[in-house]
Structure formats: C-alpha cells, structure tokens
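Asker: Give me a model of this one.
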Amino acid sequence: MPSDPKQAGRPRLTPAIADVRRAVRGVLEGLGGGADGEADAGGPAAPAADAPLVLVALSGGPDSLALAAGAAFEAPRAGLRAGAVIVDHGLQDGSADAAEAAANQARALGLDPVVVRTVEVAATGDGPEASARTARYAALDAVARETGAVRVLLGHTLDDQAETVLLGLARGSGGGSLQGMPATSGRYLRPLLGVPRRTTRQACHDAGFDPWDDPQNLDSAYARVRVREQVMPVLEHALGPGVAEALARTAEQLREDEAAFAEQIDEFIEEICEPAEAGIAVSVAALAANPAALRQRIIRHVVASEFGTALSRVQTLEVARLVTDWHGQGPIDLPGCRAARMGARLEFTAAG
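Answerer: Residues are numbered from 1 along each chain as shown. Prediction:
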C-alpha cells in the first residue's frame with residue numbers, strides 16, 4: 001500500500017484503474033443525490049453525513065481491493081458514503097491477520113465505516129464452498145442492516161462469471177444456471193462483471209497496492225478452483241483466447257432472454273390460472289396447447305411464485321405428464337406442495 005493514505009485514494013490514472021472506476025460509476029449513479037458537501041483541495045465534494053451508505057465486501061484480494069479503491073473514488077462523486085465489510089471465515093491459519101490487513105487497506109482508502117465480522121462456517125452436506133458462502137452472506141446482510149447500508153458491492157469479475165457458467169453447464173441445470181450471476185440481486189451489486197480479472201490485478205499494481213492472495217483460491221478441493229486452474233486454460237489453449245468473454249456474453253444474453261420470457265409468462269399466467277382451495281389451478285387445455293418449453297416454464301413459475309419452491313427438471317416433467325400423458329394417475333408430492341389433475345384443471349395445493 002502507498003504510505004500516504006491520500007495517495008492511495010488518488011493514484012496515477014491508468015487504463016486499468018479507469019476501467020474499474022468506470023464500472024463502479026455505472027452502478028453507483030442514481031443511488032445518491034450527487035455530492036453536495038464541501039470539497040477538499042483537489043478532491044470531490046464530501047457527501048453529507050446522512051448520505052446513503054454503500055459497503056464494499058472486501059477480502060483484500062485483487063478483485064475486491066480494486067473495487068474498494070474504485071468505490072472510494074466514485075462514491076463521493078455520486079453523493080454517497082462508502083464503507084467496507086470484511087468477513088473472516090476462520091478457515092485457515094492467519095485469517096484474522098488477513099482480515100485486519102484488509103481493514104487497514106480500507107481505512108487507508110478513506111472508507112468508513114470499516115467492519116470486520118468473524119463467522120463460524122458450519123459443516124453442511126452442500127460442501128465447503130456453499131457453507132462458507134452461506135455464512136458470508138449472512139454476515140454481509142447483518143452488517144448492512146446494522147449500518148443502514150443501501151447496497152453491498154461484490155467483487156465478482158468477468159472471469160468469475162465465466163466460471164459460474166461452466167459450473168452450471170456441468171451440472172446440467174438448464175438455462176437458469178447458465179445465466180450466471182446477476183449484476184443486481186436485492187441489496188447486492190456486482191459492478192465488475194464486465195471487467196476481466198487481469199484488469200483488477202493490474203489496477204492494484206498501478207495503484208501500488210499489495211493484494212492478498214487467498215491460498216484457498218489454489219486449492220483443487222474446490223470445484224471453482226479446478227475450473228479456474230485446469231478447465232479454463234485447456235479451453236483457451238484449444239479454442240483460442242476470449243473464452244471467458246464469450247461465456248460472460250452468453251450469460252448476459254440468456255439473462256436478457258429470460259427477463260423477456262418471464263414478463264410474457266407473467267401476462268399469460270394471469271389468463272390461464274385461477275384460485276383453488278389452498279392453492280392455485282391452471283387450465284390443462286392451455287398448458288397442452290403450448291410447446292413443452294413454455295409449459296414447463298409455466299409449471300415451474302407457478303410453483304415458485306405460489307409456494308416458494310424451485311422444481312427440478314425431473315419434478316417438472318413428472319407434473320407435465322399430468323397434462324400430456326394423463327391416464328388417471330394420482331397426485332404428485334412436491335417440495336412444499338402437491339400437484340393433481342382435477343378434470344380440466346391442474347391444481348397445486350399446499351402440502352398438508
């Protein structure tokens with residue numbers, strides 16, 4: 001880190017730093033009211049004390065550190081306050097020291113408040129990655145509520161997006177997982193989804209930062225690490241450069257298609273659904289008259305919106321057979337609900 005905190009906030013502008021700042025600016029615009037405080041010498045107008053607060057989820061790695069520097073620069077210009085939250089998962093020796101180093105970096109950048117939160121990662125059947133993620137997001141949510149933050153910025157990059165798409169493809173879980181991570185999800189924003197990892201690392205180098213490299217990012221016990229260290233290099237070698245960019249573009253296009261499709265389904269469902277006792281009913285004739293892809297989407301959408309349950313493909317196809325292959329079979333028990341053919345209607349009711 002530069003010895004002078006003010007220099008940390010104003011490094012020489014380079015293409016990498018400019019790319020990060022531009023990405024952060026794009027998501028912060030509109031969250032604040034524009035800076036209306038007093039300007040210091042050569043800097044932006046300081047945001048008001050009651051200006052909306054955004055928090056950067058900071059690990060100290062190159063992605064989140066570049067994001068923190070970008071937020072420290074851009075937030076005051078958008079009339080926002082910027083702080084940081086550091087989550088110590090306690091999964092390796094020295095994690096507390098790494099968390100404190102990240103907190104010091106955040107303070108040097110002028111972020112305030114800076115909160116370090118230690119969590120306990122419970123062992124679950126979902127694996128270590130999912131368990132750590134669950135604990136991390138619970139901590140981020142808690143700190144956001146405690147500080148009144150309006151948004152939390154996450155440092156996922158274009159490469160993270162590409163890895164997510166590949167993992168979804170390997171699971172065979174359909175177009176939903178191939179959409180990757182959304183740029184906006186509730187209070188969470190991912191400004192760097194269009195920025196390659198090499199750019200965040202270069203931005204840190206250009207600013208004189210010394211980012212922390214998490215040893216777990218090289219641990220092949222994690223599926224994402226295997227994708228990053230083994231699968232992506234093979235794809236780049238076999239297919240040429242630009243695979244990560246192509247996968248990220250695919251995710252963006254699928255997300256746009258899904259948004260349009262979802263809007264059409266919402267309108268269509270209003271026409272073919274009606275209330276049922278303890279649930280909702282769908283016209284069998286309307287479902288049968290539509291292509292399989294639309295029919296299955298409607299089934300998943302109805303169950304998700306009415307009962308908060310995501311059906312697997314196997315479950316969805318089983319319900320669809322009540323429409324397309326009806327021969328008197330009985331109700332189908334699903335997570336949180338039950339589907340049954342009742343004459344000309346397909347009824348979904350809450351599980352008893």
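
Asker: rest of the way, CA atoms for contacts and neighbours
Answerer: OK.

Asker: and the helix or strand harbouring Asn104, what does it pack onto?
Answerer: For Asn104, the host element (DSSP states H and E) is helix 95-108. If you count contacts as 3 or more C-alpha pairs under 8 Å, 6 or more residues apart in numbering; DSSP states H and E, helix 95-108 packs onto helix 5-9, strand 81-88, strand 114-118.

Asker: The residue nearest in space to the middle of the chain and Ser220, how far apart?
Answerer: Ranked by distance to the mean C-alpha position of the chain (C-alpha atoms, centre = their mean), the top residue is Met181 at 4.5 Å. The gap separating Met181 from Ser220 is 22 Å, by C-alpha to C-alpha, to the nearest Å.

Asker: Tell me which of the helices and strands packed on helix 95-108 sits most buried.
Answerer: Counting by mean count of other C-alpha atoms under 10 Å, strand 81-88 has the highest mean neighbour count of these, with a mean of 27.

Asker: And the contacts of that one?
Answerer: Residues from elsewhere that reach strand 81-88 (C-alpha atoms under 8 Å, 6 or more residues apart in numbering): 47, 51-59, 68, 71-72, 75-76, 95-96, 99, 102-103, 106, 111-119, 136, 139-140, 143.

Asker: remind me which residues of the stretch 101-250 of the chain are low pLDDT?
Answerer: Scanning the stretch 101-250 of the chain with the threshold set as pLDDT under 70 gives 124-126, 128, 173-177.

Asker: where do the helices sit along it?
Answerer: 128-147, 158-171, 175-178, 197-207, 223-226, 232-239, 243-272 (DSSP state H, counting those that start in this stretch).

Asker: of all those helices, which lies closest to Ala351?
Answerer: Among the helices of the stretch 101-250 of the chain, the nearest to Ala351 by C-alpha to C-alpha is helix 243-272 (21.9 Å).

Asker: Helix or strand next in line after that closest one, which one?
Answerer: strand 273-276.

Asker: So what angle separates the directions of the helix or strand following that following strand and helix 243-272?
Answerer: With elements assigned by DSSP H and E, the helix or strand that comes after strand 273-276 is strand 279-283. Strand 279-283 and helix 243-272 meet at an angle of 90 degrees, taking axes from the mean of the first three to the mean of the last three C-alpha atoms, to 10 degrees as the criterion.

Asker: related to what we said a few turns ago, and the closest residue to the residue nearest to the centre of the chain other than its chain neighbours, what does it touch?
Answerer: Nearest residue to Met181, sequence neighbours excluded (C-alpha to C-alpha, 6 or more residues apart in numbering): Gln161, at 6.3 Å. Taking C-alpha under 8 Å, 6+ apart as the criterion, Gln161 is in contact with Gly180, Met181, Leu193, Leu247, Ala248, Ala251.

Asker: returning to what we had before: can you put the helices of the stretch 101-250 of the chain in JSON lines and add distance to Arg321?
Answerer: Below are those laid out as JSON lines (distance: least, C-alpha to C-alpha, whole Å):
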{"stretch": "helix 128-147", "distance to Arg321": "33"}
{"stretch": "helix 158-171", "distance to Arg321": "24"}
{"stretch": "helix 175-178", "distance to Arg321": "21"}
{"stretch": "helix 197-207", "distance to Arg321": "46"}
{"stretch": "helix 223-226", "distance to Arg321": "35"}
{"stretch": "helix 232-239", "distance to Arg321": "39"}
{"stretch": "helix 243-272", "distance to Arg321": "18"}
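
Asker: Of these, which is nearest Pro15?
Answerer: Short answer: helix 197-207, nearest of the helices of the stretch 101-250 of the chain by C-alpha to C-alpha, at 8.1 Å.
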